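>>> Quick one: sequence and predicted model below, then my questions.
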Amino acid sequence: MGLQIVLGVSGGVAAYKSAMLASSLVQQGASVQVVLTAAAENFIGAATFEALTAQPVVRDAFDAAYPLGPHIALADKADLFCVAPATANFLGKAANGIADDLLTTLFLSIAAPVLLAPAMNCDMWAKPSVQRNVKTLQEDGVHFVGPEAGWLSCRKQGLGRMSAPESICRRIAELASSLEA
Ligand SMILES: Cc1cc2nc3c(=O)[nH]c(=O)nc-3n(C[C@H](O)[C@H](O)[C@H](O)COP(=O)(O)O)c2cc1C
């Protein structure tokens with residue numbers, strides 16, 4: 001694939017699937033830089049992503065390793081920005097230009113195509129405010145994959161399940177080939 005991908009992971013249960021996503025992308029030849037939100041670290045640890053991607057995870061908007069700020073350094077090198085899972089909170093902030101942590105600041109500073117893989121409880125996904133935010137982001141040119149219907153960790157069946165890592169990889173490959181065209 002040969003792409004530089006920034007993979008944002010926000011705080012939902014589906015974060016465990018993002019490790020498989022990161023590994024698949026690496027196996028396909030991508031360089032993957034993971035950014036975790038503080039909430040995401042309740043679900044999965046940085047060590048997993050660091051081992052899978054062979055790159056330090058970045059989570060601090062004021063990381064001293066980046067004098068210009070990691071939102072500038074990571075945005076500059078990204079061919080594609082994927083957030084999986086994308087929480088309702090992330091969608092709300094991204095749709096409204098709020099940048100109060102590294103992931104949301106990166107969303108604003110990145111010029112590369114953005115692919116979001118939402119994941120949440122079906123009642124959250126159906127909420128008018130969430131749907132408004134999705135529509136705003138789509139109108140702004142942001143790409144989406146999923147969510148899909150099925151078993152949710154809240155013990156319900158419904159729409160809100162994050163797309164499988166293979167589906168997200170496929171969408172990334174499609175976007176990558178449209179970049180090359
Ligand atoms: C057990 C648990 C599971 C959660 N799962 C989700 C989820 O799947 N999707 C979601 O949008 N929020 C979920 N949340 C809520 C988010 O973690 C919360 O809104 C958080 O502020 C998101 O922060 P972030 O967007 O900065 O990662 C969950 C919270 C808990 C405690």
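Yes, it's here.
>>> drop to CA atoms for contacts and neighbour counts, all remaining ones
Fine.
>>> Contacts only, for Ala149.
The contact partners of Ala149, taken as C-alpha atoms under 8 Å, 6 or more residues apart in numbering, are Gln157, Gly158, Leu159, Gly160, Arg161.
>>> Could you measure from Cys154 over to the ligand?
Using C-alpha to the nearest ligand atom, to the nearest Å, we find Cys154 at a distance of 8 Å from the ligand.
>>> Now for that residue, how many residues are close by?
Residues near Cys154, counting by other C-alpha atoms under 10 Å, number 10.
>>> and what of Ser177?
Neighbour number of Ser177 under other C-alpha under 10 Å is 11.
>>> Three-state assignment for it, please.
helix (DSSP: H, G, I helix; E, B strand; the rest coil).
>>> Counting neighbours, which of the contacts of Ala149 end up buried?
In terms of neighbour count (16 or more other C-alpha atoms under 10 Å), the buried residues within the contacts of Ala149 are Gly158, Leu159, Gly160, Arg161.
>>> Close to the ligand: what parts of the chain are there?
Residues of the chain lying near the ligand by C-alpha under 6 Å from any ligand atom: 10-13, 37, 39-40, 87-90, 119-120.
>>> quick one: least confident of the buried ones among the contacts of Ala149?
Across those, the smallest pLDDT goes to Gly158, namely 91.
>>> What is the helix or strand encompassing that residue packed up against?
Per DSSP states H and E, Gly158 falls inside strand 157-161. If contacts are counted by 3 or more C-alpha pairs under 8 Å, 6 or more residues apart in numbering; DSSP states H and E, strand 157-161 sits against helix 122-126, strand 148-151.
>>> who does the residue most central in space within the chain bridge with?
Per C-alpha atoms, centre = their mean, the C-alpha nearest to the average position across the chain is that of Val83, at 0.8 Å. Judged by DSSP bridges, the bridge partners of Val83 are Gly8, Leu116.
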